[in-house]
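Trainee: Let me see the structure of the following:
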Amino acid sequence: MTDAYPTTRRRRVARVIKHVGLIIVCLLMLYPLLWMVASSLRPNSDIFTSSGLFIDTFDFDHYPNGWDALAYPFSTYLLNSFLVVLGSVIGNLISCSMAAYAFARLRFRMRGFAFVAMLVTIMLPIHVLIIPQYVFYAQLGWINTYLPLIVPKFLATDAFFIFLMVQFIRGIPRELDEAARIDGAGHLRIYGQIMLPLMVPALATTAIFTFIWTWNDFFTQLIFVTKPDLYTVPVALRSFIDAQTQSDYGAMFAMSVVSLIPVFLVFLFGQRFLLRGIATTGGK
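Mentor: As a prediction, the model looks like this:
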């Protein structure tokens, strides 16, 4: 008993130290976000004069002013982003799941080479592809439309999600496929009625990450969309900074806070969906 008490006390001390360290790291990671929220409530003259989180003078005018500060109301840019995100999510869910099923279940020539070539595309930076893509889309007349941002998603161009789903499908027993074939099911029916319900966790992960990455994408949306009425949220936020006149940082931070709300909601509700999907998946 005498030896057990010091051991238990040391474990408690180690647990307390670990939790304190995790809290400190969490606060360090949250500090930029908290500072942005605090800056959206400060007067412009106080934003860059204080690095703390305490607010001496509250200024709530940044939110209504920022909403109407640009050429169009900020709701226009939110709707534009939602349109691009919705098309991207639907495209990735359909095309990447079909490509993953083909790589994981079908037998065809050069399958291994095609799979490796698909994985190699993950290592290609967007800066290498953006010029030929722009030339190609310009010849099609797609510049200043959302087609360059949405159509490629329906062609299974996100190799990361294909690889993710392939690994998930490989973990599903092939006996389910064989039983379906005995009942007369073809590949399309097996894919639609057996694989997709079992792929809920992978599909949810794809949807969540596609939403976040597309919502935060600035570079490609800036390249292909230059008309102000077609701006998405990241491009619109950049418009608050003017190199020739005084920039309204307070309004920019306020609209940045507004633009983060959909991301937080998708992650919170999507996390619950992921946990429920994993718990109800019986094929793993």
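Trainee: contacts and neighbour counts: CA atoms only from here.
Mentor: Will do.
Trainee: quick one: contacts for Phe267?
Mentor: Ile208 (Cα atoms under 8 Å, 6 or more residues apart in numbering).
Trainee: what ranges do the helices span in the stretch 51-200 of the chain?
Mentor: 62-67, 74-105, 111-120, 126-140, 147-150, 159-170, 175-182, 187-189, 196-198, 200-216 (DSSP state H, counting those that start in this stretch).
Trainee: tell me, which helix in the chain spans the most residues?
Mentor: helix 4-39 (DSSP state H).
Trainee: Which other helices and strands does that helix contact?
Mentor: Contact partners of helix 4-39 among helices and strands, from 3 or more Cα pairs under 8 Å, 6 or more residues apart in numbering; DSSP states H and E: helix 249-279.
Trainee: hang on, the earlier thing: quick one, which of the helices of the stretch 51-200 of the chain is nearest to Val16?
Mentor: The closest of these to Val16 is helix 200-216. By Cα to Cα, the value is 33.1 Å.
Trainee: can you give me the angle the closest one makes with helix 159-170?
Mentor: 170 degrees (axes from the mean of the first three to the mean of the last three Cα atoms, to 10 degrees).
Trainee: what residues does whatever helix or strand comes next after helix 200-216 touch?
Mentor: Counting by DSSP states H and E, the next helix or strand C-terminal to helix 200-216 is helix 219-224. For helix 219-224, the surrounding residues in contact (Cα under 8 Å, 6+ apart) are 130, 134, 143-146, 148-149, 231-232, 235.
Trainee: Tell me which residue is most central in the protein.
Mentor: Ile212 (2.0 Å; Cα atoms, centre = their mean).
Trainee: Break the chain down into its structural domains.
Mentor: Residue ranges for the domains of the chain, per automatic domain parsing: 4-62, 65-282.
Trainee: any low-confidence regions in the stretch 1-150 of the chain?
Mentor: Within the stretch 1-150 of the chain, the segments meeting pLDDT under 70 span 1-6.
Trainee: Now for the closest residue to Leu203 other than its chain neighbours: which residues touch it?
Mentor: Leaving out its chain neighbours, the residue that sits closest to Leu203 by Cα to Cα, 6 or more residues apart in numbering is Leu93, at 6.4 Å. By Cα under 8 Å, 6+ apart, the residues touching Leu93 are 203, 206-207.
Trainee: same question, Ile169
Mentor: Ile169 touches 100-101, 104, 195, 199, counting by Cα under 8 Å, 6+ apart.
Trainee: just curious, which of those is nearest to Leu119?
Mentor: Among those, and counting by Cα to Cα, the member closest to Leu119 is Ala100, at 12.1 Å.
Trainee: The closest one and Ala159 touch, don't they?
Mentor: No. Counting by Cα atoms under 8 Å, Ala100 stays clear of Ala159, with 9.5 Å between them.
Trainee: which one of the two has more residues nearby?
Mentor: For Ala100 and Ala159, the more surrounded residue by other Cα atoms under 10 Å is Ala100, and the numbers stand at 24 against 20.
Trainee: okay, now the closest residue to the more buried one other than its chain neighbours: neighbour count?
Mentor: The shortest distance from Ala100 to any non-neighbouring residue, by Cα to Cα, 6+ apart, is to Val166 (4.7 Å). Number of residues near Val166 (other Cα under 10 Å) recorded here: 22.
Trainee: next one: Val128
Mentor: There are 9 residues near Val128, going by other Cα under 10 Å.
Trainee: Tell me the spacing between it and Met29.
Mentor: Using Cα to Cα, to the nearest Å, Val128 is found at 32 Å from Met29.
Trainee: Phi and psi next, for Ile143.
Mentor: phi -70, psi 140 (degrees, to the nearest 10).
Trainee: first to last residue in stretch 141-161, what's the distance?
Mentor: Start-to-end, stretch 141-161 (Cα to Cα) is 29 Å.
Trainee: any idea how far Gly66 is from Pro43?
Mentor: The value you get for Pro43 to Gly66, if Cα to Cα is used, is 13 Å.
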